[in-house]
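1. take a look and give me a structure for this.
(one chain, ligands or ions: 2)
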Amino acid sequence: MKRVKRDHLSLLCDIGELADLLAGSENIHTFLQRAVEMVARHLDADVCSIYLFERNTQDLVLAATVGLNPRAVGKIRMKLGEGLVGTTLFSRKPLSVDKASADAHYKYFKEADEDRFESFLAVPIQRGEEKIGVLVVQHEQECFFQASDTDALRASASQLAGSIENARLLMELHTGNGKVNPEPADVRELKLVRGLVASGGYAHAPVAVYKKTHGELLSDQGQNDGGTIYTMDDFQEAVKLTAIQLKEMENAFVERLPESASLIFTAHFMILKDPSFISKMTNLIENGMNPPEAVRRIANSYIKIFSSSPHAYMKEKANDVEDLGSRLLSNLICRSCGEPSLGQKRVVISKELFPSDILKLAADEVAAIVLVGGGVTSHISILARSLGIPLVIAEDERLLALPGGTTAIVDGDMGNIYIDPAAEVVNSHEERLKTRKTADAIKNEMLPETRTKDGTRVHLYANINLLSEVPLALELKAEGIGLYRTEFPFLVRANFPTEEEQLVVYNRLMEQMGDKVVTIRTLDAGGDKILAYSDVKGEDNPALGLRSIRFSFKIKEVFAQQIRAILRAGAGHEKLRIMFPMISSLDEFYQARNMVMSCMEKLKAEGLVHHEKPEVGMMVELPAVMETLDEFAEAADFFSIGTNDFVQYMLAVDRGNKRVADYFCPYHPSVLRALAKIAGAGERAGIDVSVCGEMAHEPEYIPFLLGIGIRSLSVNAKDLPQVQKRITSLTLDEIRDHTRSLLEMTTIEGARRILDEFKKGVVPD
Ligand code: PEP
Ligand code: MG
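-> Ligands and ions are numbered 1, 2, ... in the order given. Prediction:
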């Protein structure tokens, strides 16, 4: 049989572009149609179709096709497990059949006119655990598709998953799936409000109250059209302007916070491209409704449907619609006023903020934000943190009644808000600012290499949560990244980021780090870092539950996508290290490492450039590894000790529970001796052992860590100066004696005494 050499790399590139081109396509249907046409062309398939999974009916429905009867779109439906397509999604595995008509699962749909297509290849489209649909190619010839076609189709499905997911949500909306569930004080007394810390930093500035509650901007009391009658042209202009503004914001955001740029804007674009959204508005306008009213009515109907969903990520879409509707409305009503600049050098106080509000405020150089009355999602605080905006969450509703221009101090580190602060408060605040400036000066004092007083070399690396922390790490002379917590790009999103989305983030990390070491830890979700969109909620013991590497093993597709993105980003980068969190057995380590190997093989087969020899190591976080340390040290390329979890699990004390904080004791004799054993095993096997938990930056533990032979520490960037200073003040002799005394201690109290004596400069006997 004649085999055509198909160019899968160009297919992937085109698909990547297609996802970008979403913004330019007329609507969701044309987007899906373009996707199937592109895949069909590249795989020389006679047929390519996308079936979407409708959650309310649990049916798979034909949504776009090239090759089947176009009239079958929307008509062909099947249950999970029914027919070849239903079987593919049910089993969550690719299905390749050389002679479809002879297969037991084959089901003939007369609307499709498909009986002549014998070769059948389908892959599930999934977003993490969420079933989205099936991507299918067919051909008249039997045995037409090859194994490499399966890989290419899988890669395409994974690249398209995010966009298709949004498309599906909107399409479901129009099938009527959603249920509608409608959802002042004495300000002068207000002096000090205590709130919760969400993002640190200080600000002293006049306040501006951002009166925005859910749906308010879209209500008649929100943006008043002042009785003006607008035209269809005004409306069309506002739509265009909105699209331009979104694009501009997206571009700006990609620079500033690559982790979540697409999170915020893909959904906005998708809604704007949804034919029903805009055309429902135009219909109302054609029938005589004033455009602002038409925008409000349609946007509100979408908001109601989305916000009545039990799924967190659907609710999140209600925010997106409101955000988009409000933007459309202000562009319509107030086209000449330009974008209101609310937050410039202001403390913005608000009841609710959307991610794009934070962005806009950041662009306006807002001084600080106070969110009143809860409603804060973790990604709002992470966004604020990474954009360097102090953010406090307060309960006191009186804050919303403060007259504009009242001055306030926001102490984001303590969670305090001082209204109209007295001179002493201002002075002490300014004193603190001065000490911050001193911290700036420390940057210049940082030595490029860290050594003990007597010359022993110690390597200092940075722990990074968000890319915005990388510049500080570099300024403070970090020798590389010792721990990149990849869960943050996952946490700030409303659903699992695709391989391509992660690639953007990791690429950026690699670019910024140049030839320095980059240690990327695979997803450490669960425990205290629950992803809103995962099903892993409501466990009785999350710290002992489906978290970390266990979570990655469960959702292998997500694990593979992450490893692929890391490997691809690492191409050309010398020192890439991949490590797995919460490893409890050699079996788990091998399984995780095999995933890296198989991803490398697949990338090679697909012709995608990637790092071919990453170091593969593990976090040492569980007491379970203690008895097989030497075997681990033989298997792993490096160890990184996560003392936060190690202490938690060794001492059975919840690291986040304030009630048992006293039991969280890193100097417990069993912890200290265990750490010494881990360092010893690493030394015997000749592998690098670093410490990346909080112990690594605590001045009182640094001598002990060096004493047991640790020569790499990874700490938050801001802590690098004090850690370097501590190390340069120590000699190996004093460290050794101190370490020996600590390891001899059998009680917590005894260890405490040794630590205190060392602090006071008492030399052990
Ligand atoms: C640790 O457990 O010490 C660690 C560094 O990982 P995390 O704090 O992200 O759990
Ligand atoms: Mg940990």
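
2. list the buried residues for the biggest helix by length in the chain?
-> Ranked by residue count, the top helix of the chain under DSSP state H comes out as helix 147-174. Residues of helix 147-174 classed as buried: 148-173 (neighbour count, 16 or more other CB atoms under 10 Å). C-beta: built from backbone N, CA, C; applies to glycine.

3. tell me which parts of the stretch 101-250 of the chain are close to ligand 2?
-> On the criterion CB under 5 Å from the ion, ligand 2 has no neighbours in the stretch 101-250 of the chain.

4. any low-confidence regions in the stretch 101-250 of the chain?
-> 171-189, 211-226 (pLDDT under 70).

5. strands of that one, residue ranges please.
-> Applying DSSP state E, counting those that start in this stretch to the stretch 101-250 of the chain gives strands spanning 119-127, 130-139, 192-194, 196-199, 202-210.

6. mind putting those strands into a markdown table with distance to ligand 1 and mean neighbour count?
-> Converted to a markdown table, the strands of the stretch 101-250 of the chain look like this (distance: least, CB to the nearest ligand atom, whole Å; neighbours: other CB atoms under 10 Å):
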| stretch | distance to ligand 1 | mean neighbour count |
| --- | --- | --- |
| strand 119-127 | 24 | 24 |
| strand 130-139 | 25 | 26 |
| strand 192-194 | 27 | 15 |
| strand 196-199 | 18 | 19 |
| strand 202-210 | 26 | 20 |
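
7. can you check which of the ones you listed gets nearest to residue 656?
-> strand 196-199 (14.2 Å; CB to CB).

8. now residue 697: how far from ligand 2?
-> 15 Å (CB to the ion, to the nearest Å).

9. got the contact list for the residue of the stretch 651-765 of the chain found nearest ligand 2?
-> Of all residues in the stretch 651-765 of the chain, residue 693 sits closest to ligand 2, at 7.0 Å by CB to the ion. Taking CB atoms under 8 Å, 6 or more residues apart in numbering, we find residue 693 in contact with 641-647.

10. could you point out which element follows whatever helix or strand residue 433 lives in?
-> Assignment of secondary structure by DSSP states H and E places residue 433 within helix 423-445. As assigned by DSSP H and E, the chain's next helix or strand after helix 423-445 is strand 450-451.

11. now do that following strand: distance to the chain's middle.
-> Centre-to-centre, strand 450-451 and its host chain are 34 Å apart (CA atoms, centre = their mean, to the nearest Å).

12. can you point out the buried residues in the next helix or strand after it?
-> Sequence-wise, the next helix or strand downstream of strand 450-451 (DSSP H and E) is strand 457-464. Going by neighbour count (16+ other CB under 10 Å), the buried part of strand 457-464 is 458-464.

13. what does stretch 552-569 give?
-> 552, 555, 557-569.

14. between those residues, which is closest to ligand 1?
-> Comparing the buried residues of stretch 552-569 against ligand 1 with CB to the nearest ligand atom places residue 552 closest, at 14.4 Å.

15. quick one: that closest one and residue 521 touch, right?
-> No: with contact defined as CB atoms under 8 Å, residue 552 does not reach residue 521; the gap is 10.8 Å.

16. joint contacts of those two?
-> With CB under 8 Å, 6+ apart as the test, residue 552 and residue 521 both reach residue 580.

17. so which of the strands of the stretch 101-250 of the chain comes closest to residue 250?
-> Of the strands of the stretch 101-250 of the chain, nearest to residue 250 by CB to CB is strand 119-127, at 20.6 Å.

18. is residue 321 within a helix or a strand, and which one?
-> helix 312-333.

19. now that helix: average pLDDT?
-> Averaged across helix 312-333, pLDDT comes to 79.

20. near ligand 2, which residues of the chain show up?
-> Residues of the chain found near ligand 2 (CB under 5 Å from the ion) are 642, 645.

21. so which residues on the chain come close to ligand 1?
-> 483, 485, 524, 621, 642-645, 692-693 (CB under 6 Å from any ligand atom).

22. filter those down to just the ones in strands.
-> 483, 485 (DSSP state E).

23. what stretches of the stretch 301-450 of the chain score poorly on pLDDT?
-> Using pLDDT under 70, the flagged stretches of the stretch 301-450 of the chain are 310-316, 335-344, 354-356, 363-364, 374-379, 382, 435-440.

24. rerun at 80
-> 307-320, 323, 334-344, 352-360, 362-364, 373-383, 385-387, 431-442 (pLDDT under 80).

25. re earlier: which helices and strands does the helix holding residue 433 pack with?
-> strand 202-210, strand 407-411, helix 720-728 (3 or more CB pairs under 8 Å, 6 or more residues apart in numbering; DSSP states H and E).
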